[in-house]
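> Below is the structure, and that's it, no one-letter string:
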């Protein structure tokens, strides 16, 4: 090459800068690396898409199992919510039932007290009074006979 051709090339290409050419080469190498990574990412995405398609085909062949699994999972979540709601309602109903039972006992005791007070306050006619005294006497006589019989048995057992 002649010096005129060299000077024309230098003017067209600019001055030769060693640092600039190293930076240019590094940038070019980085671009090549980025392009290689991009191609690898595209291949990986294509591989995943193909695997996904194969899995979908296999799933359809067995009746759409994964769709049914997802459906059942959603239904299970809904039913779990329903169970939790019913358990909450049951707990509240049991609390109301217990409160009602407590009131029933309380009012029942009050009713018994009122009945006892009323029975003590009743004026009985002479025949009812005589009947009650006779019943008390019969009860006491029966208790006395039972006591005498028990003592006799104990004496028989001892004398043997």
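Happy to help now that I have it. Everything numeric in this text was worked out from a predicted model, so none of it was measured. Numbers count the residues shown, from 1 in each chain.

> Output the below-cut-off pLDDT ranges for this protein.
Scanning the chain for pLDDT under 70 picks out 1-20, 160.

> How about residues contacting stretch 44-64?
The contact list for stretch 44-64 (CB atoms under 8 Å, 6 or more residues apart in numbering) reads 65-67. The way it works is simple: take the backbone N, C-alpha and C, and place the C-beta from them, glycine included.

> and if we set it to 6 Å?
Outside stretch 44-64, the residues within contact range by CB atoms under 6 Å, 6 or more residues apart in numbering are 65-66.

> could you point out the longest helix in this structure?
Scanning the chain for the helix with the most residues, using DSSP state H, yields helix 65-121.

> Would you mind identifying the next helix or strand past it?
helix 126-159 (DSSP states H and E).

> in that following helix, what's buried?
By 16 or more other CB atoms under 10 Å, helix 126-159 has no buried positions at all.

> how about the residue most central in space within the chain, what does it touch?
Residue closest to the average C-alpha location in the chain (CA atoms, centre = their mean): residue 84, at 6.1 Å. Applying CB under 6 Å, 6+ apart to residue 84 gives no contacts.

> Would you mind measuring from it to residue 98?
Relative to residue 98, residue 84 is positioned 21 Å away (CB to CB, to the nearest Å).

> what about residue 77, neighbour count?
Counted with other CB atoms under 10 Å, the neighbours of residue 77 add up to 10.

> now do the one 5 residues further on
Close neighbours of residue 82, defined as other CB under 10 Å, add up to 10.

> Next: residue 59.
Neighbour count of residue 59, defined by other CB under 10 Å: 15.

> What of the one 10 residues further on?
If you count neighbours by other CB under 10 Å, residue 69 ends up with 11.

> returning to what we had before: how far does the longest helix of the chain sit from its chain's centre?
Helix 65-121 sits 18 Å away from the centroid of its parent chain (CA atoms, centre = their mean, to the nearest Å).
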